[in-house]
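A.B. asks: okay, here's the prediction I keep looking at, along with the sequence it came from:
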Amino acid sequence: MAKADLVTAITQLTAERDLPVEVVIKAVEEALESTYKRQYGQVPEVRVELDTETGEFRVYAEKKVVIDVKDEATEVSLKEAQSLPGHPGLGEVVEVEVTPPNFGRIAAQTAKQTILQRIQEAERDLIYDEFANREGEILNGIIERVEPRGIIVNLGKAEALLPPPEQVPRERYRIGQRVKVYLVKVDRGIRTPQLIVSRSHRGLVRRLFEVEVPEIFNGIVELKAIAREPGSRTKVAVSARQQGVDAVGACVGLRGVRIQNVVNELNGEKIDVVSWDDNPERFVANALQPAQVIDVDIFPEERRAVVVVPDGQLSLAIGKEGQNARLAAKLTGWRVDIKKQSDVEAQREREQLQDMAANTEASAAQDLLEDEEEPVTMAELLDVMPVDVMDEG
């Protein structure tokens, strides 16, 4: 690699990989330092200075000023030192140029791979630093290719992996498709940083609502809980932090525009927005929407809620394959048992009849007991008393 070629390569790498010039130059200088030490022995301190305009570079080594030079690698004579800037004196340590005549050709050839490696390391560090603090954010990407380990999404400066567990079963991905993804994790990796993204994470729903609903982004409305079955249905519980604000209405938007934008981004996934409530009975009832709820009984010890719904609302409350009840349980943190009104009323009637029967039996037993224990009259008492007792009287 000629001097001009070296400068051209640095310029191209800087432009193509969007790296700061200083980072590339530092990588090149460090690579040339290690090359010099390999070629000309281990010098304690050596510095390479590169001129990026001409491609020329000079090597400087630290040497101690002495009268009698015994080790040319670490010492310089006082007479030679007097010609250096500052005219250093005896015992001082100075930088002396030690560039070999043929170092340009040798160094450029042997340092080529080292330079590329150092630049790759610098690029890796820049990518990691850029994305490490962005975990939990939404990123825009383009599907680049499909591999056995997952789908590769091009994020511009880096590639991310969308593994099968983070994909939505009902979604179909095609090369060139633009997608919004949720950044789950960033690992530094060995060669390049490993970015893991998701389309199924419930955090994606949260971030989409923050984008579409200014009240959530500004903190006026708080998104308290999310329960999601990716690609099918999601329930979101919201609460207003300011009095007079309709939290559900803010999320739905005028004519449903806001929530429809979220639904479109999730490819038609249904979304129920319900009011969060610190009262468990009301919160469970809200979570079962769109079904109507008649009554909710809470059993804290079992972390269970028994819900009564009209007969015609039972299938709606349970949902297809139990989905509505399952999501309500995830959203509230309570195990939800749903019963229809007629069954509850029939149960209550049976219990009332049992109570009445029990009361009737108890009353009859009491009457029988009272009949068996009638009071003894004085005449009856005299009939059973001994004769001698009666005579003494």
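C.D. replies: Yep, that arrived.
A.B. asks: lowest-pLDDT helix or strand in this protein?
C.D. replies: When each helix and strand of the chain is scored by mean pLDDT, DSSP states H and E, helix 387-392 comes last, with a mean of 49.
A.B. asks: number of residues surrounding Gly256?
C.D. replies: Using other CB atoms under 10 Å, Gly256 has 11 neighbouring residues. Placement of C-beta: from N, CA and C, glycine included.
A.B. asks: how long is stretch 195-207 end to end?
C.D. replies: Stretch 195-207 has its terminal residues 18 Å apart, counting by CA to CA, to the nearest Å.
A.B. asks: tell me which residues are up against that stretch.
C.D. replies: Outside stretch 195-207, the residues that touch it by CB atoms under 8 Å, 6 or more residues apart in numbering are 131, 136-139, 141, 153, 155, 158-163, 165-168, 171, 179-187, 223, 226-228, 230-231, 234, 236, 262, 266, 271.
A.B. asks: ChimeraX command to pick out the buried ones of those?
C.D. replies: Filtering the contacts of stretch 195-207 down to the buried ones (16 or more other CB atoms under 10 Å) takes a single ChimeraX command:
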select :131,138,139,141,153,155,158,159,160,161,162,166,167,168,171,179,180,181,182,183,184,186,223,226,227,228,230,231,234,236,262,266,271
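A.B. asks: so which residues of the stretch 51-200 of the chain form strands?
C.D. replies: Taking DSSP state E, counting those that start in this stretch as the test, the strands found in the stretch 51-200 of the chain are 57-66, 75-77, 93-97, 138-147, 150-154, 159-162, 178-187, 194-198.
A.B. asks: and the third one, what's buried?
C.D. replies: By 16+ other CB under 10 Å, the buried positions in strand 93-97 come out as Val94, Glu95, Val96.
A.B. asks: strands paired with that strand, and their directions?
C.D. replies: strand 57-66 (antiparallel) (DSSP bridges).
A.B. asks: for the partner strand, which residues meet the burial criterion?
C.D. replies: For strand 57-66, by 16+ other CB under 10 Å, it's Phe57, Val59, Tyr60, Ala61, Lys63, Lys64, Val65, Val66.
A.B. asks: ditto for stretch 291-304
C.D. replies: For stretch 291-304, the neighbour count (16+ other CB under 10 Å) marks Ala291, Val293, Val296 as buried.
A.B. asks: average pLDDT across it?
C.D. replies: For stretch 291-304, mean pLDDT is 92.
A.B. asks: sorry, back to before: so can I have TSV of the buried residues of strand 93-97 showing distance to Val76 and pLDDT?
C.D. replies: Output for those, formatted as TSV (distance: CB to CB, whole Å; pLDDT from 0 to 100):
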residue	distance to Val76	pLDDT
Val94	7	77
Glu95	10	78
Val96	5	78
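A.B. asks: TSV for those, including distance to Asp311?
C.D. replies: Formatted as TSV, the buried residues of strand 93-97 follow (distance: CB to CB, whole Å):
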residue	distance to Asp311
Val94	97
Glu95	93
Val96	97
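A.B. asks: ok, the residues you listed vs Val211, which is closest?
C.D. replies: Closest to Val211 out of the buried residues of strand 93-97 is Glu95 (55.7 Å), distances taken as CB to CB.
A.B. asks: wait, doesn't the closest one sit right on Arg47?
C.D. replies: Yes - if you go by CB atoms under 8 Å, Glu95 and Arg47 touch, sitting 7.0 Å apart.
A.B. asks: which residues are in contact with each of these two?
C.D. replies: What both Glu95 and Arg47 touch, as defined by CB under 8 Å, 6+ apart, is the set Tyr60, Ala61.
A.B. asks: show me the contacts for Leu50.
C.D. replies: The contact partners of Leu50, by CB under 8 Å, 6+ apart, come to Ile25, Val28, Glu29, Leu32, Glu56, Phe57.
A.B. asks: sorry, back to before: now render the strands of the stretch 51-200 of the chain as CSV, adding distance to Val257.
C.D. replies: Listed next are these as CSV, based on distance: least, CB to CB, whole Å:
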stretch, distance to Val257
strand 57-66, 62
strand 75-77, 78
strand 93-97, 68
strand 138-147, 19
strand 150-154, 28
strand 159-162, 29
strand 178-187, 18
strand 194-198, 26
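A.B. asks: of all those, which one is nearest Gly244?
C.D. replies: Closest approach to Gly244 among the strands of the stretch 51-200 of the chain (CB to CB): strand 138-147, 30.3 Å.
A.B. asks: for that closest one, name the packing helices and strands.
C.D. replies: Counting contacts by 3 or more CB pairs under 8 Å, 6 or more residues apart in numbering; DSSP states H and E, strand 138-147 packs against strand 150-154, strand 159-162, strand 178-187, helix 202-212.
A.B. asks: show me the strands in the stretch 201-350 of the chain, by range?
C.D. replies: Counting by DSSP E, counting those that start in this stretch, the strands of the stretch 201-350 of the chain are 221-229, 233-240, 270-275, 295-299, 304-309, 335-340.
A.B. asks: and the shortest one, C-alpha only, in CSV?
C.D. replies: To tie it back to what came earlier, the one meant is strand 295-299. What follows is strand 295-299, C-alpha atoms only, in CSV (Å, rounded to 0.1, in the frame of the first residue of the first chain):
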residue,chain,number,x,y,z
ASP,A,295,-71.0,-7.9,40.6
VAL,A,296,-67.4,-8.7,41.7
ASP,A,297,-66.4,-10.4,44.9
ILE,A,298,-62.7,-10.2,45.9
PHE,A,299,-60.9,-13.0,47.9
